[in-house]
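Visitor: Give the three-dimensional model of this entry:
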Amino acid sequence: MANHPDRVVVWPGYFDVKASRRSGRRVSKKHSVSNPTLEGLAFAARGAGIRKMKRDEGVSHPSRPTSSEGRLWVSTEDALKATGATSKEGILQAIAAAWKGQESSAQESAQSAKKAGPKAGDKRGRSQRKSFKTSKGRKPSERRQRRK
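Guide: Numbering: from 1, shown residues only. I've put the predicted structure just below:
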């Protein structure tokens with residue numbers, strides 16, 4: 001494997017909440033995310049202020065050869081300057097904080113959209129809101145009994 005002193009490699013497995021520290025998680029549980037992906041990692045790195053990066057898809061971590069999670073090559077100089085960190089661990093912490101913030105804001109917006117209900121003109125959403133009663137105010141079983 002080639003040595004790249006000007007780049008740092010970041011794996012999505014470093015941020016997996018289900019993984020233990022011994023199995024490769026490098027950030028705290030409160031900053032970890034569930035189901036980390038390479039796309040999410042790149043998005044979080046952008047959110048942390050890192051601009052110079054390269055995605056390498058379909059590559060597996062040496063200690064996790066069965067999962068091809070991919071990796072993100074980050075420019076060391078750019079990452080240290082953007083995050084204000086002094087080491088790779090500081091870079092990982094900054095990315096994790098950005099990722100967790102993005103994940104929590106996405107969850108909040110999903111909850112508020114669910115609470116607001118369907119949009120105007122959304123027939124499928126409106127049909128889910130309709131009650132079990134028919135237009136006359138009686139349940140279908142009650143109507144059948146009255147006809148007899």
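Visitor: list the helices and strands the lengthiest helix in the chain packs on?
Guide: When the chain is parsed with DSSP state H, its longest helix is helix 88-116. Counting contacts by 3 or more Cβ pairs under 8 Å, 6 or more residues apart in numbering; DSSP states H and E, helix 88-116 is packed against strand 7-10, helix 38-47, helix 76-83. The C-beta positions use only the backbone N, C-alpha and C, and glycine is treated the same way.
Visitor: May I see these arranged in CSV, with distance to S109 and mean neighbour count as well?
Guide: Listed next are the helices and strands packed on helix 88-116 as CSV, based on distance: least, Cβ to Cβ, whole Å; neighbours: other Cβ atoms under 10 Å:
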stretch, distance to S109, mean neighbour count
strand 7-10, 26, 19
helix 38-47, 15, 19
helix 76-83, 26, 18
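Visitor: what about those, which gets the closest to A98?
Guide: When those are compared by Cβ to Cβ, helix 38-47 sits nearest A98, at 3.9 Å.
Visitor: Run the angle between that closest one and helix 88-116 for me.
Guide: Helix 38-47 and helix 88-116 are oriented at 110 degrees to each other (axes from the mean of the first three to the mean of the last three Cα atoms, to 10 degrees).
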